[in-house]
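> show me the folded form of this:
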Amino acid sequence: MTAPTKPPLSQQLMAKPPLTKLAQTKTLAWDDFRLIKAIADRRALPAAAASLGLNHSTVFRRLGQIEDGLGVKLFERHRSGYVATPAGDEMAQLAGRVDDDISAFALKLAGQEIKPAGELRVTTNDSLLVDLLTPVFAGFLAQCPDIRLDVLLSNQALNLSKRDADVAIRATDNPPETLVGRKAARIAWALYGRAGDFAEAGPVEIESLWEHSWVSLGEGFNGLKAVRYLASHVAPERIVYKVNTVLGLAEAVEAGIGIGFLPCFIADTKPGLTRLAAPDPGFSADLWLLTHPDLRHSPRVRLFLDFMAGELGRMKPLIEGAMALSPREPRVAINEGMPA
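Prediction:
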């Protein structure tokens with residue numbers, strides 16, 4: 001009896017069952033998850049592309065490739081933007097958990113470094129940088145040439161858990177509980193005017209100041225006590241100029257646009273400005289040096305925090321408004337009637 005002959009190879013392949021969807025699915029890379037999460041978070045391809053450092057067409061093409069490879073639609077396209085489907089939402093949430101784990105691991109590694117070298121990312125705001133911190137940073141770099149500073153200017157709190165920054169230098173009375181650090185000084189605020197407009201040695205009546213032209217920070221700074229105080233005491237029509245930066249506010253007073261409250265470390269170094277009142281303790285805010293708990297033992301971070309604390313400690317008289325007082329200061333009781 002002869003053995004049965006096998007059919008040709010082509011027939012054998014044709015006879016095999018079709019590949020399952022799992023076998024057809026492409027292998028997902030971490031960049032695929034990051035892309036899906038960026039689209040889910042921003043709901044628009046241009047914004048997602050910008051956050052990833054890619055162009056719009058690349059993100060559009062890669063999204064199509066991922067969906068084709070999975071055989072699943074990850075987003076519904078609406079007029080309001082890209083809305084994640086249940087599968088897309090699950091993928092974006094998984095990406096978020098993985099990103100948190102990666103960030104936590106990177107923080108632990110950074111905290112175990114041996115030599116204080118490499119890049120250190122520091123976030124602060126423009127007024128602290130320009131009028132206070134830049135010379136201190138220069139002194140630190142001169143003493144620690146193996147460390148490079150990457151300074152990020154922002155009035156918003158960056159996420160130190162995500163390594164958006166290693167150290168934050170902030171003026172706040174309520175530092176985040178998730179961060180650790182030390183208070184370097186207390187920033188004093190006082191009322192200032194252009195020196196040429198208040199050259200007379202006679203007393204200044206508070207009533208005449210209420211009728212003066214005033215300058216103020218904008219609504220985004222309503223958390224500052226000085227801004228709230230000004231809004232409750234000065235008629236809206238007398239506040240002739242608002243700006244969303246303390247540096248711009250100091251320039252406005254110096255230009256004679258109006259009088260206003262300023263941090264003493266900025267105004268007391270400007271010859272064109274004069275104090276109209278002593279610093280009000282009610283307007284002060286703490287200056288904090290902050291980092292993530294996993295980074296506090298990093299040689300780079302520890303060295304930087306120690307250096308900054310020492311230098312800012314020496315600058316306390318300027319920061320806390322303890323410079324020579326103007327003869328006019330005791331004559332204006334700005335804190336009278338201040339709301340709680």
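> now do the closest residue to residue 38 other than its chain neighbours, the pLDDT please.
Sequence neighbours aside, residue 48 is the residue nearest to residue 38 in space, at 4.0 Å (criterion: Cβ to Cβ, 6 or more residues apart in numbering). To be clear about C-beta, it is placed using only N, CA and C from the backbone, and glycine gets the same treatment. If you check residue 48, the pLDDT there is 88.
> run the chain-centre distance for the helix or strand where residue 48 lies.
Using DSSP states H and E, residue 48 sits in helix 45-52. Relative to its chain's centre, helix 45-52 lies at 20 Å (Cα atoms, centre = their mean, to the nearest Å).
> tell me who's in contact with the residue nearest to residue 38.
Residues near residue 48 by Cβ atoms under 8 Å, 6 or more residues apart in numbering: 35, 38, 39, 41, 42, 59.
> shouldn't the second one be in contact with residue 52?
Which is residue 38. Yes - between residue 38 and residue 52 there is a contact under Cβ atoms under 8 Å: 5.4 Å.
> more neighbours: which of those two?
residue 38 (21 against 18; other Cβ atoms under 10 Å).
> buried stuff in the helix or strand hosting the more buried one?
Counting by DSSP H and E, the element that carries residue 38 is helix 30-42. Residues 32, 33, 34, 35, 36, 37, 38, 39, 40, 42 are the ones in helix 30-42 that count as buried (16 or more other Cβ atoms under 10 Å).
> isn't the last one up against residue 59?
No - in terms of Cβ under 8 Å, residue 42 does not count as a neighbour of residue 59; the distance is 10.5 Å.
> quick revisit: please report how far the residue nearest to residue 38 lies from residue 82.
Applying Cβ to Cβ, to the nearest Å, the value for residue 48 to residue 82 is 8 Å.
> likewise residue 34?
15 Å.
> try residue 58
Taking Cβ to Cβ, one finds residue 58 at 15 Å from residue 82.
> do residue 43 as well
Distance from residue 43 to residue 82, by Cβ to Cβ: 5 Å.
> neighbour count: those two, which is higher?
For the pair residue 43 and residue 82, the greater number of neighbours falls to residue 82 (19 against 15), based on other Cβ under 10 Å.
> and the helix holding residue 38, what does it pack against?
If contacts are counted by 3 or more Cβ pairs under 8 Å, 6 or more residues apart in numbering; DSSP states H and E, helix 30-42 sits against helix 45-52, helix 56-70, strand 81-84, helix 86-111.
> what's the closest of the ones you listed to residue 232?
Across these, residue 232 has its closest neighbour in helix 45-52 (38.6 Å, Cβ to Cβ).
> just the CA atoms of that closest one, as PDB, please.
Output in PDB follows, covering the C-alpha atoms of helix 45-52 (Å, rounded to 0.1, in the frame of the first residue of the first chain):
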ATOM      1  CA  LEU A  45      -3.600  66.600  16.900                       C
ATOM      2  CA  PRO A  46      -1.700  70.000  16.600                       C
ATOM      3  CA  ALA A  47      -1.600  70.400  20.300                       C
ATOM      4  CA  ALA A  48      -0.600  66.700  20.800                       C
ATOM      5  CA  ALA A  49       2.100  67.100  18.200                       C
ATOM      6  CA  ALA A  50       3.500  70.200  19.800                       C
ATOM      7  CA  SER A  51       3.700  68.400  23.200                       C
ATOM      8  CA  LEU A  52       5.600  65.500  21.600                       C
END
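> what about stretch 216-233, start to end distance?
Distance between the two ends of stretch 216-233: 12 Å, counting by Cα to Cα, to the nearest Å.
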